[in-house]
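Chemist: Structure, please.
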Amino acid sequence: MRRLAAFCLLLYSVVAAEAVAQAGETLPTAVKDPFYGEVLFDFHQQHYFSAITHLRAAQQQGRLPHHGVEAELLLGGLYLAYGMQKNAEVIFTQLLQQSVDPAQRNRLWLALAKINYQRGYEPEAAGLLQRIDAPLPRSQENERQLLASRLLAQRGLYAEAAAQLASYQSDSLDSDFAQYNLALDHIRQGRDAEGRMLLEALLQRGGSAEPERAVLYDKGRIALGYSYLQQQKFAPARHWFEQVRLRSPFASQALLGLGWVESGLGNGAAALAIWLPLIERNGSDPAVLEGLLAVPYTLNQLGAQQQALDHYKQAIELYASELLTLQGITSGMNFVALAQELADPRSAAEAGWQWRAEISPDSILSPYLYRLMAGHEFQEALRNYRDLLYLETNLTQWLADLDAYEAMVDVRETGYQTRLPLILDTLAKLDSNTLQQQRDKSALQLHEIEAANDATGLATADEQQLLARLAQIEARMQRLEAGVDVEKQQRKFAVLKGLALWRLETEYPTRLWQTKQQLQQLDETLKLSTEQQRSLNTVLERSPNDFKRYRQRLQNRRQQTVLLQQQTKRLARQSEAHLQQLAQAAVVGIKARIEDYQGQALFAAAQIYDALLPAQKEQP
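Modeler: I've put the predicted structure just below:
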C-alpha cells in the first residue's frame, strides 16, 4: 500500500484506489494563515474528514487569504482520499482554467489522468498524459510512467508498455505490481515467453523483508510454475514451485503444482508423496480441495483401486462437511454484523481510502472469504460502508452539538433579558448633550485664559483658595486705621503673594499644555462614549431579531443534519445489502466448486466400484 506523502507547496494528488495523497516531495516552508495550519495538522495526522471539514469552514468564512490555490489543491486531494473523484475533478478543472504555474498545471494533468483512468475513461486519461509538457518531480514522473504503461497494456501494446515500464526509475512496490500485472496480461494473451521473461526479471531482484513484496514474489513464482507446467516444461516448473516459501499463503498451490509436475513426468509415487501431506491441510483451501481428487486419481492410475476408492470416499465426506459448513454460514451468519465488525470506524476512523479491512484468522469465514476480501470491489464497498458509519456517528454528534448551541442561545437571551432593565436605566441617565455642552464651556474658558495669558485661570482649587485668602488679608490691611505700623506685615504679605503668583506664572505653560491634552482626551472619550452608546442602542434594537435568527439558523442546520442522517442511514443499509450480496455470491461460488469436486469424486468412485464389483463377486 502506498504511503501518504506531502507535495511541493501543498500540491497533493491522491490515487483514489490506494488512497494516496502524493504529488510532491517537500512541505511548505511557511504557513501564513493559522486556520490553514490547523488543516495541515489534521491532514498529516491522517484525520482527513476533520481536514475537509475545517478546510471548507475556513474557506466559507474567508479565513485563507494567503493560501487560496493551495487550499483548493489540498481539498481536491482530500476528496480523492475519500474516493470522491467527481468532486476532485471539478476542483482540478477549475484550477486549470486559472493562472496556475506550469509545474502545478502538469501535476494537475497527471491528477486528472488518474481520475479518468479510475473511472474507466482510458482514452481521456491517455490524452491528459500527453498534455504534460515537462518532466515532473521524481515521484510524479514515476506515477506518470506507471499510468502510461497500464494504458498501453490495455490497448494491447504490450511491447511498448514493457518499454515504458523499463524506464520506471524506482524499485517501489508499485512498479513490481505493474510488472507482475503486465506479465499476466502477456500470459493470458498467449505470449507466455514475454510474460515469463517479465516475471523472471521481477523475481531476480531478490527477496524482500516487506510482507507485501514477498507475497507478490510468491504469486509470480506460482504463475511461472503453472505457465511452464501447461507447456509440459516440468524442470523449470519444478524450479519455480520449489522457490515458494513454505509459510506463504500460496504454499498449498505450490505443493499441488509440484505434484502435477511429478505426475506429468510419470512419477506417480513421487506425486503422492507431495499430495498426501497436502490433503491433510485445511479443507477449505482450493488447492487441498483439488488435491483430494488428484490423490485417488493417481492411486487409480497406479492400480491401487481400493486405496483410490477409499480416498474418493474420504474426499466425498470432506466435501460434504465443507458444504454443510457453508450452508450453516449462509443460513445462520449475520453478514451485517460481520460487515459492522470489519468496518469498525473506531480505529483510524478518518483514514479514508488508505484503510483496508483485515479478517480475523479465527473467524469461521476466514478460509472462505479471504480471496473476496482481498479483491478491490469488496474493499471499496467496505471502505464506503465504513465511511458511512463514521459519517452517521458524526451527524449524531452534530445533532447533540446543536442541542448545546440552542441551550447557549437560551442562556444568553435569559441573561440579556435580566440585564436589559439596568442597561436601559443607565442609558436613560446618560446625557451626551449636557456632557458636550460642559466640554464646550471648558474649551471656551481655556481659550479665554490662553488669550489673556491668565496664569491664575489655571490655578488649582487649593491655589485659588490661597489667592482668595491673600486677597482678604490685603483688604483687611488696607482697612487698618492710620498710625498702625503694619510695614513688617506688608513686606511678609508681599513676599507670600509674590511666591504664589511666581509659581503660577512659571508653571503656566506646563499647565496649559496639560489642560489641552486633557481636553483632547476628553474629546476622544466623548467620541468613544457616543459611538458605544450608538452601538449599544443598535444592539438593543437588533438583539431580539438576532436571537430569532440564531434559532432559525440552528433549526435549519438541524433539518439539514437530520436529512443527511436519514440519507446516510439509507445508504449504509444499501451498502450492507451490497456487502451481503458480495459475500453470499462468494460463498455460492465456493459451494458450486465444491459440489463440482464432489460430483467428480462420486462419478470416479462409482467407476472404480463398478470395476471392483465383478472381482468381488468371483471371490468365494
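Chemist: the strands in the protein, which residues?
Modeler: Secondary structure of the chain (DSSP state E): strands located at 14-15, 20-21.
Chemist: Run through the neighbouring helices and strands of the longest helix along the chain.
Modeler: Criterion DSSP state H: the longest helix present in the chain is helix 487-618. Based on contacts counted as 3 or more C-beta pairs under 8 Å, 6 or more residues apart in numbering; DSSP states H and E, the elements that helix 487-618 packs against are helix 286-301, helix 305-332, helix 335-342, helix 366-374, helix 376-429, helix 432-452, helix 461-479. In this view, the C-beta of every residue, glycine as well, is placed from N, C-alpha and C.
Chemist: For those, give me TSV that also has distance to residue 531, mean pLDDT and mean neighbour count.
Modeler: As requested, those are arranged in TSV below (distance: least, C-beta to C-beta, whole Å; pLDDT from 0 to 100; neighbours: other C-beta atoms under 10 Å):
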stretch	distance to residue 531	mean pLDDT	mean neighbour count
helix 286-301	83	90	21
helix 305-332	76	85	17
helix 335-342	59	64	17
helix 366-374	67	65	17
helix 376-429	14	84	14
helix 432-452	11	81	12
helix 461-479	33	82	11
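Chemist: any chance of these in CSV, plus distance to residue 154?
Modeler: Formatted as CSV, the helices and strands packed on helix 487-618 follow (distance: least, C-beta to C-beta, whole Å):
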stretch, distance to residue 154
helix 286-301, 28
helix 305-332, 36
helix 335-342, 32
helix 366-374, 22
helix 376-429, 16
helix 432-452, 80
helix 461-479, 99
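Chemist: Minimum distance to residue 522: which of these has it?
Modeler: Between residue 522 and those, the shortest separation by C-beta to C-beta is 5.8 Å, and it involves helix 432-452.
Chemist: circling back to that earlier point, could you give the angle of the longest helix of the chain to helix 286-301?
Modeler: Here the directions of helix 487-618 and helix 286-301 differ by 10 degrees (axes from the mean of the first three to the mean of the last three C-alpha atoms, to 10 degrees).
Chemist: avg pLDDT for helix 487-618?
Modeler: Average pLDDT, helix 487-618: 84.
Chemist: Next, the angle from it to helix 432-452.
Modeler: Helix 487-618 and helix 432-452 meet at an angle of 140 degrees, taking the same axes, to 10 degrees as the criterion.
Chemist: from the chain's centre, how far out does helix 487-618 sit?
Modeler: With C-alpha atoms, centre = their mean, to the nearest Å as the basis, the distance from the averaged C-alpha position of helix 487-618 to the chain average is 18 Å.
Chemist: what's the spacing between the closest residue to residue 31 other than its chain neighbours and residue 54?
Modeler: On the basis of C-beta to C-beta, 6 or more residues apart in numbering, the spatially nearest residue to residue 31 that is not a chain neighbour turns out to be residue 37, at 4.4 Å. With distances taken as C-beta to C-beta, to the nearest Å, residue 37 is found 10 Å from residue 54.
Chemist: doesn't residue 71 make contact with residue 36?
Modeler: Yes: with contact defined as C-beta atoms under 8 Å, residue 36 counts as touching residue 71 (6.4 Å).
Chemist: Can you give me the first-to-last residue distance of stretch 234-249?
Modeler: Stretch 234-249 has an end-to-end distance of 23 Å (C-alpha to C-alpha, to the nearest Å).
Chemist: Go ahead and name everything in contact with that stretch.
Modeler: Applying C-beta atoms under 8 Å, 6 or more residues apart in numbering, the set of residues contacting stretch 234-249 from outside is 203, 214-215, 218, 221-222, 224-226, 228-229, 250-251, 253-255, 257-258, 261, 264-265.
Chemist: Show me just the buried residues among those residues.
Modeler: Among these, the ones that count as buried by 16 or more other C-beta atoms under 10 Å are 203, 218, 221-222, 224-226, 228-229, 250-251, 253-255, 257-258, 261.
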